[in-house]
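the following block contains a protein sequence and its predicted model.
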Amino acid sequence: MHHRAHPSLGLSTSSPSTAAQTPARSMNVFNPKILDASIRDVTAGLSDEQKADVLLYAMNHLKPERFVSAVSFSQSERLSDFYGGVCRGSSKTLIENAVQSCLAISRLPPADAARARLVRAKARLAAGLRVGAREGGSRRLQADPRPVLTEHLTTADIQAVLELQPDNAEAAALMAEHVVSPDQVGRYSCCFLPLSSLMPFSKQIFKPRTTPGFSTEIWREIALWLPPRDLKSLLQVPHVLSRIASELLFQRIDLHLASEKRESQRSADILTRMITDASFASHVKTLRVYVPGRETFPITFQTGMLSNALPKLTNLKNVHCAMRWKDMYSIMRVLESISHRLTGLSLMPSDGTGELRFPRFKHIMQFSYHSAGGSMTQVNEFLLQNKTSIRHLSLHNPNWSFPTDIISIRHLTTLDFQGTFPVDSRAFAEILSNGHQLESLRLECILECTASKQFREAANALPFLRHFAFSLMGYRVNDHDLFPAIAEFLKGRTSLRTLELTVPSADWALKRLGYDATVWGVLPSLTSLQSLTATLPKDVAAAVAMWLVPRGVRALSLHALTPVNTMEFVSQLRAGLPPQLKYIRLSHFHIDDPAAVIEQGFPMVHVARFDDDYYTVERVKGQIQLEEWPKGRTQYNARDWLECYDCEEAEWRDPTQFL
């Protein structure tokens, strides 16, 4: 906030003689802010054109080497903002804002308009920025000091100055030095220079290039928006993008230490590169290591190479291991011994927990542990070590209870738990009352407690919730109000983007848990929903159900009821399907001809999934054709490929896809 300097805070006007007698003392208490106030007060009575003249004069005193980039101002932010102290930023933003405010004046004299544009052009060139073809656009100059010409780099400001003042020698010199070469003068109808004035500079001009002369930083920003498949294509392009794509792709390394010869050779090559090339190793931020299934072949050599490579990964932040505990523990010991500060850790032991020993990490923000057995003691100790730092937690073990006393729910933004809620559990109440920051909540459970009351008591909890899943793997309780309570909890959440509600059997869930039309009736109120996974309630007709699905849904996953005629079922769905649907998944349906099912019910989708099989949907000469995905793609990189087909909302984020 700008505080107006008052004259009384500076020189005293009550006793001129006293001030004259003690000039040194007066200067010692002089308030420099009085100059700001005086400038503002003096210019307050001037017209906009006069203010612009003062502003242009002041801009000539700023140092051009400090200007870097532009920050746009709306036309409503007038010149008084600059005199009043609203824009107290560095000079790199002031020059652009000042010129823009001047040019916004409808009656600005042409001479002042030319002065303003010339100041901006010189400032940009001095800072290493080149004005783009569109006014206000800019590009960083190349490292070569000689000017580079492309059709994309016409200097709009300089051309405008020459249009207003054709005899402006300074603008003419800038135009000749930074814009055109003699053989291209004819292309620029807005260039007002005679050919002879450009000839002395012709020997310093490069020929146009076929691609825009963006800086490496700009190309990197562009590449960040590309999916992995496109980045792989760029590896063969003779351009700086090839190097950038390589760096981005190898930020995440997947090692498959399998008995298959091809995978073993690939992993050995990558590990060798890590050990011998420090630059390559420094780009790796996420490392995922897989040993498929419960293979018992020795991988001592591979783990030895990995132990040598890990210290080279100086920027490593996230690690995922899916293997036997014996091999996993040796890798964890190496990670613990080096100085890397990991923020993400994901562990999936293939043979239970064994003699589980977690490393002594204390700054983990993302933690995932998925197993099928073992004790939770060591996991609890690790969670306590990182209680205040963990923000994303994923625990999957059907034999474990929710660790209410071990984790800090109030710190979490993502919670994914698969396990048991015993008879006396109050875990739902703890999550709903303390999870104020939760954006993603996924619960897959064996239910033994009465949870409906806990949901009823917290109907307005979790205000930032974007993704919600409640899936029953089994239950030993009769709670007829459970799903009506969950429906009330979800009702009207316009920011919810992902919803998953599934039960083992719609028949029994209707009788024992209240899984009925009430659940489906809440869907129209979820106006931002993009992904829906659900078991269709027994008392809702398929044709009616689809009309209740929000129109913005792009991914739909349906679980089968009792055995149905699949072709008849999908025919009933088709009329009410959301118009933007890109992905369909059918689970536990009997499907003999996948292409016929898509043709009959979902011809608009890009990707289809039937149980564990993925298909790309294409239409060739009016006929639906399906291309089945290879197992390697679906097992390890399904989400990346779904993103390529505009279906990134289709499935829940895997914990190995570190944020």
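Received it, and whenever you're ready, just let me know what you need.

okay, CA-based contacts and neighbour counts for the rest of this
Noted.

just the helices in the stretch 451-600 of the chain please.
452-457, 482-490, 506-513, 517-521, 542-548, 566-574, 594-601 (DSSP state H, counting those that start in this stretch).

quick one: the ones you listed as JSON lines, columns for mean pLDDT, distance to Arg476 and mean neighbour count too.
Below are those laid out as JSON lines (pLDDT from 0 to 100; distance: least, C-alpha to C-alpha, whole Å; neighbours: other C-alpha atoms under 10 Å):
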{"stretch": "helix 452-457", "mean pLDDT": "93", "distance to Arg476": "14", "mean neighbour count": "18"}
{"stretch": "helix 482-490", "mean pLDDT": "95", "distance to Arg476": "13", "mean neighbour count": "21"}
{"stretch": "helix 506-513", "mean pLDDT": "88", "distance to Arg476": "10", "mean neighbour count": "18"}
{"stretch": "helix 517-521", "mean pLDDT": "91", "distance to Arg476": "21", "mean neighbour count": "18"}
{"stretch": "helix 542-548", "mean pLDDT": "91", "distance to Arg476": "29", "mean neighbour count": "17"}
{"stretch": "helix 566-574", "mean pLDDT": "91", "distance to Arg476": "31", "mean neighbour count": "17"}
{"stretch": "helix 594-601", "mean pLDDT": "93", "distance to Arg476": "36", "mean neighbour count": "18"}
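
which one, of these, ends up nearest to Pro655?
helix 482-490 (24.5 Å; C-alpha to C-alpha).

who touches the closest one?
450-453, 455-456, 458-460, 513-516, 518-519, 522 (C-alpha atoms under 8 Å, 6 or more residues apart in numbering).

now the helices of the stretch 451-600 of the chain as TSV including distance to Leu46?
Output for the helices of the stretch 451-600 of the chain, formatted as TSV (distance: least, C-alpha to C-alpha, whole Å):
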stretch	distance to Leu46
helix 452-457	64
helix 482-490	59
helix 506-513	75
helix 517-521	64
helix 542-548	63
helix 566-574	69
helix 594-601	71
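
could you list the low-pLDDT ranges of the chain?
1-32, 64-93, 127-155, 177-212, 259, 293-297, 339, 352-356, 561 (pLDDT under 70).

alpha carbons of stretch 109-116, as CSV, please.
Extracted C-alpha coordinates of stretch 109-116, given in CSV (Å, rounded to 0.1, in the frame of the first residue of the first chain):
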residue,chain,number,x,y,z
PRO,A,109,0.6,13.6,-30.1
PRO,A,110,2.3,11.6,-32.9
ALA,A,111,5.7,12.9,-31.8
ASP,A,112,5.1,11.5,-28.3
ALA,A,113,3.9,8.2,-29.7
ALA,A,114,7.0,7.9,-31.7
ARG,A,115,9.2,8.7,-28.6
ALA,A,116,7.4,6.1,-26.6
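
give me the contacts around that stretch.
Contacts for stretch 109-116 (C-alpha under 8 Å, 6+ apart): Glu49, Ala52, Asp53, Leu56, Val99, Cys102, Leu103, Ala160, Val161, Leu164, Gln165.

which single one of those residues is nearest to Trp652?
Distances from Trp652 to the contacts of stretch 109-116, taken by C-alpha to C-alpha, are shortest for Val99, at 48.9 Å.

can you pull the contacts of the closest one?
Counting by C-alpha under 8 Å, 6+ apart, Val99 touches Ala116, Arg117, Arg120.

ok, now which ones touch Val161?
Counted by C-alpha under 8 Å, 6+ apart, Val161 has contacts Ala113, Ala114, Arg115, Arg117, Leu118, Asn168, Ala171.

and for Leu313?
Met274, Ala281, Ser282, His283, Val284, Lys285.

Leu432 contacts Leu465, doesn't it?
No: Leu432 is not in contact with Leu465 according to C-alpha atoms under 8 Å; the separation is 10.8 Å.

in the stretch 201-350 of the chain, which spans are strands?
Assignment of strands within the stretch 201-350 of the chain using DSSP state E, counting those that start in this stretch yields the ranges 252-256, 286-290, 318-322, 344-347.

the first one pairs with which strands?
Right, strand 252-256. Within its sheet, strand 252-256 is paired with strand 286-290 (parallel), according to DSSP bridges.

C-alpha coordinates for the strand it pairs with, PDB please?
Taking Å, rounded to 0.1, in the frame of the first residue of the first chain, the C-alpha atoms of strand 286-290 are listed here in PDB:
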ATOM      1  CA  THR A 286      12.500 -40.300 -10.800                       C
ATOM      2  CA  LEU A 287      13.700 -43.900 -10.700                       C
ATOM      3  CA  ARG A 288      11.400 -46.900 -11.000                       C
ATOM      4  CA  VAL A 289      12.800 -50.400 -10.600                       C
ATOM      5  CA  TYR A 290      10.700 -53.500 -11.400                       C
END
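
what's that strand in contact with?
For strand 286-290, using C-alpha under 8 Å, 6+ apart, the contacting residues are 251-258, 316-323, 656, 658.

now swap in stretch 413-426 and tell me
391-402, 427, 435, 437-450, 454.

among these, which ones are in helices?
Using DSSP state H, the subset of the contacts of stretch 413-426 located in helices is Ala427, Gln454.

for the nearest residue to Leu316 once chain neighbours are set aside, what are its contacts?
For Leu316, ignoring the flanking residues on the chain, the nearest one in space by C-alpha to C-alpha, 6 or more residues apart in numbering is Lys285 at 4.2 Å. Going by C-alpha under 8 Å, 6+ apart, Lys285 touches Gln251, Arg252, Leu313, Asn315, Leu316, Lys317, Asn318.

list the contacts of the last one.
The reference is to Asn318. Taking C-alpha under 8 Å, 6+ apart, one finds Lys285, Thr286, Leu287, Leu342, Thr343, Gly344, Leu345, Phe658 in contact with Asn318.

hmm, try it at 10 Å
252, 284-288, 341-346, 364-367, 656-659 (C-alpha atoms under 10 Å, 6 or more residues apart in numbering).

selection in PyMOL covering whichever of the contacts of strand 286-290 are buried, please.
Here is the PyMOL command that selects the buried residues among the contacts of strand 286-290 (16 or more other C-alpha atoms under 10 Å):
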select buried, resi 251+252+253+255+256+257+258+316+317+318+319+320+321+322+323+656+658
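
anything in contact with each of Leu432 and Leu465?
Shared contacts of Leu432 and Leu465, counting by C-alpha under 10 Å, 6+ apart, come down to Leu438, Leu441.

take the contacts of stretch 109-116 and keep only those in helices.
Glu49, Ala52, Asp53, Leu56, Val99, Cys102, Leu103, Ala160, Val161, Leu164.

just the buried members of those residues?
So, by 16+ other C-alpha under 10 Å, the buried ones in the ones in helices among the contacts of stretch 109-116 are Glu49, Ala52, Asp53, Leu56, Val99, Cys102, Leu103, Ala160, Val161.

quick check, nearest of the residues you listed to Gly474?
Nearest to Gly474 among those, with distances taken as C-alpha to C-alpha, is Val99, at 67.8 Å.

for Gly492, which non-adjacent residue is closest in space?
Leaving aside its sequence neighbours, Gly492 is closest to Ser525 (5.0 Å, by C-alpha to C-alpha, 6+ apart).

just checking, that neighbour touches Pro550?
Yes: using C-alpha atoms under 10 Å, Ser525 makes contact with Pro550 at a distance of 8.0 Å.

overlap of the contact sets of the two?
With C-alpha under 10 Å, 6+ apart, Ser525 and Pro550 have no common neighbours.

so between these two, which is more surrounded?
Pro550 (21 against 17; other C-alpha atoms under 10 Å).

wait, what's in contact with that one?
523-532, 577-579.

do Phe367 as well
Taking C-alpha under 10 Å, 6+ apart as the test, what Phe367 contacts is 318-320, 343-347, 382-383, 386, 390-395, 655-656, 658.

repeat that for 7 Å
Contacts for Phe367 were tallied using C-alpha atoms under 7 Å, 6 or more residues apart in numbering; they are Gly344, Leu345, Ser346, His392, Leu393, Ser394.

need those residues in a markdown table with neighbour count and distance to Thr300, can you?
Converted to a markdown table, the contacts of Phe367 look like this (neighbours: other C-alpha atoms under 10 Å; distance: C-alpha to C-alpha, whole Å):
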| residue | neighbour count | distance to Thr300 |
| --- | --- | --- |
| Gly344 | 23 | 25 |
| Leu345 | 23 | 22 |
| Ser346 | 23 | 21 |
| His392 | 22 | 32 |
| Leu393 | 21 | 31 |
| Ser394 | 18 | 29 |
